[in-house]
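Trainee: predicted model and sequence below, questions to follow.
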Amino acid sequence: MDDKAMLNGSGEPMTVLVVDDVADFRGYVARVLQILGYDVWQAEDGPSAMALCESRGRPDMAVVDVSLPGLTGPEVAQHLQERCGDMGVVFMSGYAAHYLHDQGILPDGALFLRKPFTLPDVAQALDKVIATQELMSSQTADVGAFCSAAD
């Protein structure tokens, strides 16, 4: 991953919120993300994640465990997006993606990492989030330019 991919629009390191109820694994993911150059926030569950967003602002992305106490990972992601704005989300679980899709737990088209995963796996998943966000930003800019030109 190059340095440009890790900077947000303000030129600051991109912020990734990691939500996992297993402290050791959450810490592992945080360390991997820090090695990749990201600023990392950690939360143990949905309410903690939402409190972080309310106190610190909007993270650029989130890496969320699918199986959390209380709310599921997809529910947490939905609440975060409602409260903090649209952000890229990568789900993680020890279960296989096809099982989570078959059970209706994982949303269609969701980015997914199967535990355990490696640093290159995380880098590739976040690169996909960044590419998707850049594509959506350019499409929004193109529509805005089109609408301005039509006026």
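Mentor: That came through, no problem. Residues are numbered from 1 along each chain as shown.
Trainee: which secondary structure elements does the helix or strand harbouring Leu113 sit against?
Mentor: Secondary structure from DSSP states H and E places Leu113 in strand 111-114. If contacts are counted by 3 or more CB pairs under 8 Å, 6 or more residues apart in numbering; DSSP states H and E, strand 111-114 sits against strand 88-93, helix 97-102, helix 119-150. Using the backbone N, CA and C atoms, a C-beta is placed for each residue, glycine as well.
Trainee: and the ones you listed as TSV, adding mean neighbour count?
Mentor: What follows is these, written out as TSV (neighbours: other CB atoms under 10 Å):
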stretch	mean neighbour count
strand 88-93	23
helix 97-102	14
helix 119-150	13
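Trainee: pLDDT below threshold where in the protein?
Mentor: Per-residue confidence for the chain (pLDDT under 70) gives these ranges: 1-5, 140-151.
Trainee: try it again with 80
Mentor: 1-10, 85-86, 136-151 (pLDDT under 80).
Trainee: from the rest of the structure, what touches the strand holding Leu113?
Mentor: Strand 111-114 has contacts (CB atoms under 8 Å, 6 or more residues apart in numbering) with 63, 88-97, 100, 106, 121-122, 125, 128-129.
Trainee: distance to Gln78 for the helices and strands packed on strand 111-114 - can I get that in CSV?
Mentor: As requested, those are arranged in CSV below (distance: least, CB to CB, whole Å):
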stretch, distance to Gln78
strand 88-93, 9
helix 97-102, 15
helix 119-150, 16
